[in-house]
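J.: Dropping a prediction and its sequence here:
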Amino acid sequence: MTVDTLHDALTLLPEDLVAEVGLARSRPRVIPWRRYAAMAACAAVVICMGMFVMDAFLPKYASESVAEFSLRSSEGGTAADQALPEETAAAAEGSLAQPAPPAAPQPNTNQAADTMDSPWLNRATVCYFPQSAGASAGASAGAGAESSVTRLVQTREELDALIRDYSSDCDLTDFIELCQTYDRDWFTQNSLVFVQLAESGWYPESLTLQDEVWTLRLIRDPACESQGQQWILLDVTAGAITPEDPITVTFAP
Amino acid sequence: MEDAQIVSLYWQRDESAIGQTQDKYDRYLNKIAYNILFDLEDSRESVNDTYLAAWNSMPPQKPNVLSAYLAKLTRRISIDLFRYRTRQKRQGSEYALSLTELEDCLSGGNTTEEAVDAKLLADSIAAYLRTLPEPSRRAFIGRYYYLDPLKEVAAYCGMTESKAKSLLYRLRLGLKDHLIQEGYL
């Protein structure tokens, strides 16, 4: 038998065998690594676009400021006499002394907006009042250590009443001092929700005050074990959130 | 146009059948011819001969898979052309001349017996190929029927060139064993 014989025999192979391979030959070739490379490239583009959009259109995250501020708090001193990070300070002053312009109303049921990355934080004025570690140590024995509270504050008088209510259990000195530095009228012009978080040293990772709709995500400084109590004053005037909104506080590691 | 419609055109002796075949399979057939002849002009000629052979053979032939049928014609014509061309190149050699002269003493080829033998051998090879997993079968037919370069075979079989090479080596050994078992070697 010669190779020619073999080739002549191959020419006579059944059509089904030949056609099967003919189909495979004509198909577009898929090179596996190229598929993954294309997917990786797409993912990179999407991530870059996302970062660009966030950088360009959204202010810096409050969480970063909180983390930084918490660290400072842990180093001692009161919140009032510590310099806030620039953006937090600007946000706090802007929200308290000069109320932020109302933002476009956002439906409360928008589940997509319930993360830190969502723009809702920029629409509502959020003020963080972290307490110093020293002050929180004194307050840890208080009832506030095991629970968190939310209260609607419409006027400065209501805020004073709230402070009176809770100052017996918690040390709100820092908060009071901070509030006194802002324009009194602003408390009347805006609807505020006061959220007092429980002792940050041990409250659960996810603290749901009601059902989960809004998520307020704070980034904690891992180097700071005790960050003291924290308060959040949410400006609900713009309608981005309402006093009835449930708030979930989560802490990113 | 569907293959069945093209075949029916051939059966109706409608000359547009060749045009339709050309539209659909010209590139495919040229590739097969070029793999064998490695010459554009020769492969063009071979493909034209294929259209003529298809015209002459349908009817009575009525292929189920037109592409495979045309591929078979192209392959046969191209191999014949290749052999002829190789013979022509050997013209200067007295040994080659004596081979040509001595061929007259032998049968002219394509005897019924040889055709039957070739068919039996083809059936035996087909039986062997059917025992193989699909990628191996694809690689073997791609390399030795369509005569595609190893790189292309590896690409459409979804493997690396070296893997395709070693696979084909094992397949050749397997075919040899099979042919020995069948009494061809």
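T.: Received, thanks.

J.: Domain-wise, how is the chain divided?
T.: Using chain A. Using automatic domain parsing, the domains assigned to chain A come out as A:3-47, A:61-252.

J.: try again with chain B
T.: Following automatic domain parsing, chain B resolves into domains at B:3-103, B:112-181.

J.: can you list the ones you listed in CSV and add mean pLDDT?
T.: Converted to CSV, these look like this (pLDDT from 0 to 100):
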stretch, mean pLDDT
domain B:3-103, 86
domain B:112-181, 87
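
J.: In TSV: those domains, plus distance to A:Gln180.
T.: Every C-beta, even on glycine, is put in place using the N, C-alpha and C of the backbone. Output for the domains of chain B, formatted as TSV (distance: least, C-beta to C-beta, whole Å):
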stretch	distance to A:Gln180
domain B:3-103	85
domain B:112-181	73
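
J.: As TSV, these with mean neighbour count and distance to chain A would be great.
T.: TSV is the format used below for those (neighbours: other C-beta atoms under 10 Å in any protein chain shown; distance: least, C-beta to the nearest C-beta, whole Å):
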stretch	mean neighbour count	distance to chain A
domain B:3-103	17	4
domain B:112-181	17	4
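
J.: ok, of the domains of chain A, where does mean pLDDT dip lowest?
T.: Mean pLDDT per stretch puts domain A:61-252 lowest among the domains of chain A, at a mean of 50.

J.: Show me what the helix or strand hosting B:Tyr95 is packed up against.
T.: For B:Tyr95, the host element (DSSP states H and E) is helix B:94-103. For helix B:94-103, the packing partners by 3 or more C-beta pairs under 8 Å, 6 or more residues apart in numbering or on different chains; DSSP states H and E come out as none at all, with no helix or strand in contact.

J.: can you tell me how far the closest residue to chain B within the stretch 51-200 of chain A sits from A:Met39?
T.: The stretch 51-200 of chain A approaches chain B most closely through A:Met51 (35.8 Å), counting by C-beta to the nearest C-beta. A:Met51 sits at a distance of 19 Å from A:Met39 (criterion: C-beta to C-beta, to the nearest Å).

J.: quick one, what contacts the residue nearest to A:Arg25 when sequence neighbours are not counted?
T.: Leaving aside its sequence neighbours, A:Arg25 sits nearest to B:Tyr156 (C-beta to C-beta, 6 or more residues apart in numbering or on different chains; 5.6 Å). The contact partners of B:Tyr156, by C-beta atoms under 8 Å, 6 or more residues apart in numbering or on different chains, come to A:Ala24, A:Arg25, A:Arg27, A:Arg29, B:Arg138, B:Gly142.

J.: quick one: which of these is nearest A:Val153?
T.: Ranked by distance to A:Val153 (C-beta to C-beta), those are led by A:Arg29 at 66.9 Å.

J.: ok, how many other residues are close to A:Asn190?
T.: The local packing count at A:Asn190 equals 21, with neighbours defined by other C-beta atoms under 10 Å in any protein chain shown.

J.: wait, A:Thr188
T.: Around A:Thr188 there are 15 other residues, counting by other C-beta under 10 Å.

J.: Verify the assumption that it is located in a helix.
T.: Yes. Applying DSSP: H, G, I helix; E, B strand; the rest coil, one finds A:Thr188 inside a helix.

J.: Cross-check the contact I'm expecting between it and A:Gln154.
T.: Yes. The pair formed by A:Thr188 and A:Gln154 meets the contact definition of C-beta atoms under 8 Å, at 7.4 Å.
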